[in-house]
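Participant: Just need the structure, nothing else, for what follows:
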Amino acid sequence: AIEVVLALAVVLHMWSAISLARRASAARPVKYQAKKKSHAQGYATHTMRWGGVIIALYIVWHLLDMTFLVVNPAGRDATPYERLVEGFAPSNWYVTLFYVVAVVLVGLHLRHGIWSAFQTLGLRNPRNNAALRALAGAIGVVITVGFLSVPLAVTLGWVS
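Facilitator: Next up is the predicted model:
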């Protein structure tokens with residue numbers, strides 16, 4: 001049931017992002033002449049769209065690897081631990097690299113989402129702006145480091 005809810009949440013999130021992008025494009029079909037740098041043109045704007053695509057590909061890979069066991073080199077008969085160790089073995093460094101890139105993008109995506117939630121909920125003001133940005137960044141970093149610790153430990157040979 002939890003996996004169904006998560007899948008539905010991801011699909012709704014993607015639908016929301018696509019529909020908002022289309023509405024924004026329709027509202028201003030002609031680009032601005034001036035090349036004014038705004039807050040909306042920072043890393044978040046440039047990483048959200050393509051980062052989201054990479055994250056979606058990662059989710060598909062992760063499900064095929066760890067849930068449906070279609071692409072895991074250890075096979076269906078292995079224990080979850082054996083599948084994890086075999087999947088992130090040093091010989092499969094390219095899988096770990098893809099995982100690292102995707103999880104870093106998840107962290108950036110999460111940082112932006114948390115910051116946007118603070119702003120949307122009206123919690124941000126000039127007095128607490130820096131603290132809320134730091135909190136959003138810290139949450140993104142902690143989750144990213146946590147999710148990267150296991151595959152990197154396996155790839156680096158600390159877990160076998």
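Participant: Contacts only, for the residue lying closest to L57 once chain neighbours are set aside.
Facilitator: Counting by C-beta to C-beta, 6 or more residues apart in numbering, the nearest residue to L57 once its immediate chain neighbours are dropped is A102, at 7.6 Å. All C-beta atoms are positioned from the backbone trio N, CA, C, and that covers glycine. Contact analysis of A102 by C-beta atoms under 8 Å, 6 or more residues apart in numbering lists 54-55, 57-58.
Participant: Any chance of a PyMOL selection covering the buried ones in these?
Facilitator: Applying 16 or more other C-beta atoms under 10 Å to the contacts of A102, the buried members can be selected in PyMOL as follows:
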select buried, resi 54+55+58
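Participant: Which helix or strand contains the residue nearest to L57?
Facilitator: For A102, the host element (DSSP states H and E) is helix 93-120.
Participant: need the next SSE after that helix, C-terminal direction.
Facilitator: Next helix or strand after helix 93-120 toward the C-terminus (DSSP H and E): helix 129-155.
Participant: And the next helix or strand past the least confident helix or strand in the chain by mean pLDDT?
Facilitator: Using mean pLDDT, DSSP states H and E, helix 43-62 stands out as the lowest-scoring helix or strand of the chain, at a mean of 81. Sequence order places helix 80-87 as the next helix or strand after helix 43-62, per DSSP H and E.
Participant: any idea of the mean pLDDT for that next one?
Facilitator: Mean per-residue pLDDT for helix 80-87: 92.
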